[in-house]
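Q: I need the structure of the sequence given here:
(8 chains, ligands or ions: 10)
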Amino acid sequence: MATYKDYMLFDKLPHTWCAGCGDGIILQSIAAVFAEMELDKHDITLVSGIGCFGRVDDYLDINCMHVTHGRALAAATGVALGNPELNVLVTMGDGDGTTIGGNHLIHCARRNIDLTAIIANNYNYGQTGGQYSGTTPTDSITSTSPYGHIEQNFDICKLAEAAGASYVARSTAYNPVQMRKLIRGGMEHKGFALIEVMVACPTHYGRYNRQGEAADMMKLMNEQSVPVEKARTMTEEELEGRIVTGLLVDKDREDYYTKYKKIIDAQNMDK
Amino acid sequence: MATYKDYMLFDKLPHTWCAGCGDGIILQSIAAVFAEMELDKHDITLVSGIGCFGRVDDYLDINCMHVTHGRALAAATGVALGNPELNVLVTMGDGDGTTIGGNHLIHCARRNIDLTAIIANNYNYGQTGGQYSGTTPTDSITSTSPYGHIEQNFDICKLAEAAGASYVARSTAYNPVQMRKLIRGGMEHKGFALIEVMVACPTHYGRYNRQGEAADMMKLMNEQSVPVEKARTMTEEELEGRIVTGLLVDKDREDYYTKYKKIIDAQNMDK
Amino acid sequence: MSKSVKKFIEGNNAIVDGAIAAGARFYAGYPISPSSEIAEGAAKELPRHGGVYIQMEDEISSMAALLGASLAGKKSFTATSGPGFSLMQENLGLGIMSEIPTVIFDVQRSGPSTGAATKPAQADIMQARYGVHGDHSIIALSPSSVQDCYDLSIVAFNLAEKYRTPVLFMTDEVIGHLRETVTEVEPDPSQIFNRVQPGEDVTQAEFRPYSFSSNMPAPMPAVGGRLLMRTTGSTHDEKGEFGPGPANIDRVTHYLTDKIEKNVDDITITRSYQLEDAEVAFITFGCSVRSTMTAVDILRAKGVKAGMLQLVTIWPMPEKAIRAVLSKVETVVVPEMNLGQLAGEVRKFNDYGCKVIQANRTDGVLITPKQILDRLEEK
Amino acid sequence: MSKSVKKFIEGNNAIVDGAIAAGARFYAGYPISPSSEIAEGAAKELPRHGGVYIQMEDEISSMAALLGASLAGKKSFTATSGPGFSLMQENLGLGIMSEIPTVIFDVQRSGPSTGAATKPAQADIMQARYGVHGDHSIIALSPSSVQDCYDLSIVAFNLAEKYRTPVLFMTDEVIGHLRETVTEVEPDPSQIFNRVQPGEDVTQAEFRPYSFSSNMPAPMPAVGGRLLMRTTGSTHDEKGEFGPGPANIDRVTHYLTDKIEKNVDDITITRSYQLEDAEVAFITFGCSVRSTMTAVDILRAKGVKAGMLQLVTIWPMPEKAIRAVLSKVETVVVPEMNLGQLAGEVRKFNDYGCKVIQANRTDGVLITPKQILDRLEEK
Amino acid sequence: MKIQIVLSGVGGQGLISNGEIMGQAASIFEEGLFATMTAAYGSETRGTFTKTDVIISDQPIGYPNVDEPDVILCLAQVAYDRYVDKFHDNTKIFYDTEMVEPAEGAKGEHIGYDFRAMSIELGDMRTANTIALGVMLKHCALRPDAVKQAIASRFEGKDKVIAINHKALDLGLSL
Amino acid sequence: MKIQIVLSGVGGQGLISNGEIMGQAASIFEEGLFATMTAAYGSETRGTFTKTDVIISDQPIGYPNVDEPDVILCLAQVAYDRYVDKFHDNTKIFYDTEMVEPAEGAKGEHIGYDFRAMSIELGDMRTANTIALGVMLKHCALRPDAVKQAIASRFEGKDKVIAINHKALDLGLSL
Amino acid sequence: MSKEIKISVSEKRCKQCGICAALCPKHVLDQEVGCVPVAARLEDCIGCRLCEMRCPDFAIEVEVK
Amino acid sequence: MSKEIKISVSEKRCKQCGICAALCPKHVLDQEVGCVPVAARLEDCIGCRLCEMRCPDFAIEVEVK
Ligand SMILES: Cc1ncc(C[n+]2csc(CCOP(=O)(O)OP(=O)(O)O)c2C)c(N)n1
Ligand SMILES: Cc1ncc(C[n+]2csc(CCOP(=O)(O)OP(=O)(O)O)c2C)c(N)n1
Ligand code: SF4
Ligand code: SF4
Ligand code: SF4
Ligand code: SF4
Ligand code: SF4
Ligand code: SF4
Ligand SMILES: [Mg+2]
Ligand SMILES: [Mg+2]
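A: Numbering: from 1, shown residues only, chains lettered A, B, ... in the order given. Ligands and ions are numbered 1, 2, ... in the order given. You can find the predicted model right below:
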């Protein structure tokens, strides 16, 4: 039976992420899901953006396209429509996927392109030194909000849902079992799937906000977590500052290429 | 008493919009709201994007900044923070405001920049000849969806709400009385306000989809309209294809500059 | 024999026909005047050939999607104009760095910024070469007729595939909206260049998606095939893996320029019109060729030995052909619809003391034969 | 006397100090290595001076916000590097066309695309001039020391205000992260140029936000003041109203170029180092100046009469100063961290048969004095 | 041989369609002829001045705009006024007598018909320009047959439209 | 006068901070001296090789990287190995005797101390580099006083940190 | 009531789109192809001004005295 | 039960972040500053593999036989 190592460039480890960085936890989960699903690695194409998490491709032994900051979903749209047989996976940071890349996220969700997007939300731009991003919680200290962040952060999953996403889920690095289940669900879902994974950036966000070591940060995210089933019984105020985890949206909706194929077929009926 | 003409370059009429184009209806409403509120025109700055509706500035006798396609909200953010005393109004088409400009919309909403954004939603790119946009309804014919449009369209208001907008409203060109009330409400709201106005583009969208003359299109949008109060009692299926109008979101939330000013003050306490 | 059909259509329409004839099966774009007819034609025609048209949310994502589809094995293209072309620069650079073929049709209009949106100009020529940050080189063609729009589109895709790089097709509003007689000859399979594939016996261990040792790119399999494929916009080694060491940076930088500049003879196309015995020469490109041809005819009718060098390839600059003219005649006039962008480049090669005169028109109206002739008189 | 303070800081920090000293009170940007220290410094310092720092969702919106804040009366600035600079091109064009001052600090790194993100290069020089579509001209400065980062930042804002145009500050990773001794002299009010305001008696009917008749821009009041102000990226008339007629297009196009090119003597700054009696000259800019200075010292120590021309202003090109060198010496070496971008421009002016040698380094490491000297030997 | 033709009037009169038919006739249904056509683009509003330039030649065509019209059709006064200065002695000016008042002392040969009235009689106002085309044809180096083929191919499948336009063309040819 | 100094070791040893103190001492607390400093940037991971180049001169400094170190501090073997080939006869090599094994036949004058142990004795492991700075100082054209002022200004408000670093510097000076 | 209401149409600005007439709640206006609207049944007009507010071309004005 | 479980740590890959030890539900592991984790109380291990799945560095492996 295949293991996650079969989908990795295992020799390239140790990776360049900091000690305690959550990105490696997602990397392992991704590779483990491939193994679980017994995918042929030639059928998987990973498209990744720029950022710490964007560099997962360095360690995966599959097809990889490493693009510009924020544009992974757009490039992946081309890959998915260029060869609809492929399993397209897209990895992005919160900056990549929702700040500079927010427009591609909502449009890709709306179009229901058949791919699986994973956003590693570490509340900041890890790669460039811990500046605030679109998901940085209000009042946080970052290298560009030295006096406390005044913006409200995105609820990425809510946004994706409002944009029309047909599969939306959230998990944390604390809970790799759930994470794997949800990633697998996304890959099995026909259409656009988004999985947001909360991870620690101990080097920047954790340090600026005195959240302690990586393990402390993970404990904190666990304390903040509420399963979606329970969250549905809670008020908005009660949910303030909580991380709602689990499968949030799961709709059956024809994906883009399936619909487009019907046009192709109709136009070629008499040929 | 001031009338809308006092805020217009009335001599420049007739304008360049097509016969029956809904943009002129919004233009009149905007100028009428200025008059109603008895604003000093020097205190108003309009920032507009590129598109048919983006050209409202040609006819308004206020401060105007006509920018690039999709970037009006971003430029307006600079104006609003550059001089927080100004009344900043932003006019955009659906392409401008939600397709190429969708990211600026959601981030501006999230930040709660104190400005009022009006999106004229005519379901297509009027200016460039009727191609589909992010709001084109599924199955429509446009110059680039000759076989029927396969994408799901955005619900602009829902998206803005999910992004954190503190004031969200929708009206139609059929209902200028409501439109004016909502625009005025937006201008009086401290923080980010979005008003989506449904308008007819008889030249392209109407023609491609055999919706008849402008008046027929307006009748149709009226038939589709449901006041938000009523909509709250309807199911998702019942709301399919309907236009929910009225004040959808109205929250008290401190705007960006008000919060930033506190930082400035704190940093200058001992000076 | 190849099928051939005569048409009377716009340049923008001929581009769609040419792209499809070249094998293009994916279009991602964002409409903009005066290029939108290309999008509309692609939306209509592509599904009939099993291809896909998608309108993206902007030009940035369009460019990204083109690269994605190309990596998945589809020849891809887009059309735009100045503002959109400006937005594409970052991902154009990604295409150059990752060595992914695609073709961008820029139907030039009057700028800068929104400018006079529907009026013609030829002022994105230098941007075509230098709009992308960092050292690189680029291939750009420029058509002067509807026939060119068809024929050169095929050439553009061939060059993109051969050199594994985005190719620019710098047309303009005049040619885009000009309707004229065109003969569309279906290309013979031998006239179509498809990207080189790795040999069937190449193993994954041996396979290298990049090669910097020669001035020709490595084979490029599509993702989803027998070999795992890896591309990146970061500095990379032969395996396509991140390689930020100095030696690697240096070779990538040189290679990206060399693969185009050292193949300049293979890439460049020029045309001579009455140039053989010319004493006065014009050097020009794109729509200005039309007016210049007429100007040459007028001069010849008057007994003046005039001729024209047309740059069909504008990047890399056809240095040899330009030098040949500069070294032969006393006066060269460079007609163009900008403030002298090509003239500046021509001057770089003028080691011959030739008099280089600019004939520029920048008011959004096609330069006339008379204006060109007037500049010659003024000299 | 002006206050003055000595510091030992990075170039990127000195830029923030310089910008604030010049009166800048608004920063909109998106972080990118190796420029992020400028953002971080601005975030910390601006509120202390009553100014605003905002991190936008990308570089496109950053550039737009800069123009908006500037129109509202604030001197504005941003910092970026290649990928972000590429994304800014469209709205940079908007600033040029609308004539709105702002300053962009490009801390150059190794490209194209993501390249070797944290390594230095000087390869965005041509992009600085031509990255924007359509005819235009531009002002760009290049610092070679931390002192320059402070002093020239003030110059950059002054030029932006005087010529009502975005000004580029093309620094690089070496200078950005170099810490050295700097003396920050607080500028005297007379050393600060603030945009010209319309006379107090100008009525709205008389007021014209644009003027194309001279080579100096019209006065620019902020929105929110006594006069209504109107700007646009479309071709406009003096009132700032849409004006797509040919005559108007033509004059806007010429004016945008002329206001810079015809004021080249006022705009350009160059420095000479040991140039007086030089027989061998170097022409260079930015970080390469450091290595070249040392190379000159080494040559002088050996008795070779070497000198250096430093281009502090790189756009518009200091043609006169370059020609003066080319016409005086037999050999000119152009050291730069790219494949010869400046050398190409120098050649355009070489009507003197001077031997122009390139000294390029493109591996992400600062060019050394030895490498420069080696190129001279090779000649 | 090079004939410079201008079709001018206001939006909605079918001038662009007419130019395309001429260009198609020359390009596809004649042997050895070349044609170009350029049209004014830009504004969203209808009913304003429009024109299209057509050049037909037995040589490849350089500059594609008409500077000295050999043949011009004017279906609106605004169009006529715009061109009157460009008429030379040999210009043939075809105009609608109801819509256009020729200028006094204008150069060229003026040939007026009430195209609109004739088209209404024919049963379709939209054929006015086709009747005019018939009239102009002998000065345009195009065979009636070639034009008929062009019409047939342009409106392929719409037999009624083809028939009425053929009729209109014949009417014009007969005048 | 131009002194080329390299401070090398692994991340977290405070070498960059040390370089800054030297640069500040020269720039601000000495008269007529210039200083430059460059550091290796890039990787996210700690504990890997780091170095910083400091040049102190009475003339403006051109090329800011050190090619021939006059003074070098090596606090890790990996750093020593990286530089050993660049030592010249007059190079002063200061090294931590616990961490670094000098190469046989290496050029220059090797001066080793157990900086780490001394710092632990002093009560703060982070002062190892300050002790080393004290030892190197006489070869760097900097007055102890200037360096002390630089330390005081750098850690303004943190009196304890200043005190222990001054103590460490004095210890180094005394060796 | 009709006496106190005046409806005027600008020939210059009206583009004959027909909106005012088609949507007038009281069917006061007639607008024929090629013509600007006329207040054929002014007596029915309730002065609601909707025609004015809906006119995209600022071409119709309602004066209520 | 402990006999059937083997926990191995890669010295090369472990970055000593402490996650595995801090979050082990059974407190099986100890991780001291400057050291890789050790299974100090292997007998308590329930073989849940969470330590392995949570290790960002692929450094700890749990074998359950
Ligand atoms: C156009 C562009 N702008 C900015 C950057 C610089 N940059 C690289 S990664 C990054 C942010 C990374 O944050 P995120 O996406 O959250 O990923 P993380 O590093 O936190 O995993 C930025 C701003 C870039 N590479 N390209
Ligand atoms: C970067 C860029 N891309 C494309 C265009 C072309 N363009 C101009 S307006 C427009 C769309 C207009 O649609 P919308 O915003 O809905 O406004 P409408 O015309 O429908 O009122 C487009 C695509 C442009 N000006 N700039
Ligand atoms: S900087 Fe943060 S996100 Fe990046 S590798 Fe380190 S811990 Fe992870
Ligand atoms: S094209 Fe459509 S949106 Fe534009 S002016 Fe005409 S009707 Fe209005
Ligand atoms: S709505 Fe206005 S433009 Fe339309 S018909 Fe009535 S008056 Fe005329
Ligand atoms: S005011 Fe009201 S009732 Fe009177 S004509 Fe206008 S729409 Fe009709
Ligand atoms: S989680 Fe992994 S890297 Fe961290 S201490 Fe445990 S074994 Fe080491
Ligand atoms: S397998 Fe589970 S119980 Fe055993 S050490 Fe790991 S986390 Fe603890
Ligand atoms: Mg992040
Ligand atoms: Mg629209």
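Q: write out the residues of the stretch 151-271 of chain A neighbouring chain B.
A: A:151-155, A:158-159, A:161-164, A:253, A:256, A:259-260, A:263, A:266-267 (CB under 8 Å from any CB of the partner chain). No exception for glycine: its C-beta is placed from N, CA and C like everyone else's.
Q: which among those residues end up buried?
A: A:151-155, A:158-159, A:161-164, A:256, A:259-260, A:263, A:267 (16 or more other CB atoms under 10 Å in any protein chain shown).
Q: give me the subset of those residues lying in helices.
A: Members of those lying in helices (criterion: DSSP state H): A:Lys158, A:Leu159, A:Glu161, A:Ala162, A:Ala163, A:Tyr256, A:Lys259, A:Tyr260, A:Ile263, A:Gln267.
Q: out of these, which touch ligand 8?
A: Subset of these in contact with ligand 8: empty, counting by CB under 6 Å from any ligand atom.
Q: what's the farthest-apart pair in those residues?
A: A:Lys158 and A:Gln267 (38.4 Å; CB to CB).
Q: and which of the ones in helices among the buried ones among the residues of the stretch 151-271 of chain A next to chain B is nearest to F:Glu31?
A: F:Glu31 lies nearest to A:Leu159 out of those, by CB to CB, at 59.4 Å.
Q: before we move on, which element is the residue nearest to E:Phe115 when sequence neighbours are not counted in?
A: Excluding the flanking residues, the one nearest E:Phe115 by CB to CB, 6 or more residues apart in numbering or on different chains is E:Ala128, at 4.2 Å. Assessed by DSSP states H and E, E:Ala128 sits inside helix E:128-136.
Q: tell me the mean pLDDT over that helix?
A: Mean pLDDT, helix E:128-136: 94.
Q: helices and strands around that helix, which ones?
A: Applying 3 or more CB pairs under 8 Å, 6 or more residues apart in numbering or on different chains; DSSP states H and E, we find helix E:128-136 packed against strand E:2-10, helix E:15-28, strand E:71-74, strand E:92-96, strand E:109-113, helix E:115-122, helix E:144-154, helix E:159-174.
Q: which of the ones you listed is buried the deepest?
A: Among the helices and strands packed on helix E:128-136, strand E:71-74 has the highest mean neighbour count (mean count of other CB atoms under 10 Å in any protein chain shown), at a mean of 27.
Q: next SSE after it?
A: Following strand E:71-74 in sequence order, the next helix or strand is helix E:77-83 (DSSP H and E).
Q: is any part of that next one close to chain D?
A: No: contact between helix E:77-83 and chain D is absent, the nearest approach being 14.9 Å (criterion: CB under 8 Å from any CB).
Q: same deal with stretch C:315-327?
A: No: judged by CB under 8 Å from any CB, stretch C:315-327 makes no contact with chain D; its nearest approach is 11.1 Å.
Q: quick one: buried residues of that stretch?
A: Buried residues in stretch C:315-327, counting neighbours by 16+ other CB under 10 Å, are found at C:Trp315, C:Pro316, C:Met317, C:Pro318, C:Ala321, C:Ile322, C:Arg323, C:Ala324, C:Val325, C:Leu326.
Q: so which strand or helix has the fifth one?
A: The one in question is C:Ala321. Residue-wise, C:Ala321 maps onto helix C:319-326 under DSSP H and E.
Q: what packs against that helix?
A: Counting by 3+ CB pairs under 8 Å, 6+ apart, the packing neighbours recorded for helix C:319-326 are helix C:264-267, strand C:280-284, strand C:306-311.
Q: among these, which comes closest to ligand 4?
A: The closest of the helices and strands packed on helix C:319-326 to ligand 4 is strand C:280-284. By CB to the nearest ligand atom, the value is 36.1 Å.
Q: partner strands of that closest one, parallel or antiparallel?
A: Strand pairing for strand C:280-284, using DSSP bridges, gives strand C:306-311 (parallel), strand C:331-336 (parallel).
Q: and the next helix or strand past it?
A: helix C:288-301.
Q: so for that following helix, mean pLDDT?
A: 98.
Q: list of residues touching that helix?
A: Contact with helix C:288-301 is made by C:122, C:144-145, C:174, C:273-274, C:280, C:282, C:284, C:305-308, C:310, C:335-337, C:366-369, C:371-373, C:376, E:61-64, as judged by CB atoms under 8 Å, 6 or more residues apart in numbering or on different chains.
Q: out of the strands paired with strand C:280-284, which is closest to ligand 3?
A: Taking the strands paired with strand C:280-284 one by one with CB to the nearest ligand atom, strand C:306-311 is closest: 48.3 Å.
Q: give me the contact list for the closest one.
A: The contact list for strand C:306-311 (CB under 8 Å, 6+ apart) reads C:142, C:144, C:270-285, C:289, C:292-293, C:295-296, C:299-300, C:317-318, C:321-322, C:325, C:342.
Q: ok so, going back, could I get the helices and strands packed on helix E:128-136 as JSON lines with distance to D:Ile100 and mean pLDDT?
A: Output for the helices and strands packed on helix E:128-136, formatted as JSON lines (distance: least, CB to CB, whole Å; pLDDT from 0 to 100):
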{"stretch": "strand E:2-10", "distance to D:Ile100": "40", "mean pLDDT": "94"}
{"stretch": "helix E:15-28", "distance to D:Ile100": "40", "mean pLDDT": "95"}
{"stretch": "strand E:71-74", "distance to D:Ile100": "46", "mean pLDDT": "96"}
{"stretch": "strand E:92-96", "distance to D:Ile100": "50", "mean pLDDT": "96"}
{"stretch": "strand E:109-113", "distance to D:Ile100": "54", "mean pLDDT": "96"}
{"stretch": "helix E:115-122", "distance to D:Ile100": "52", "mean pLDDT": "93"}
{"stretch": "helix E:144-154", "distance to D:Ile100": "49", "mean pLDDT": "96"}
{"stretch": "helix E:159-174", "distance to D:Ile100": "53", "mean pLDDT": "95"}
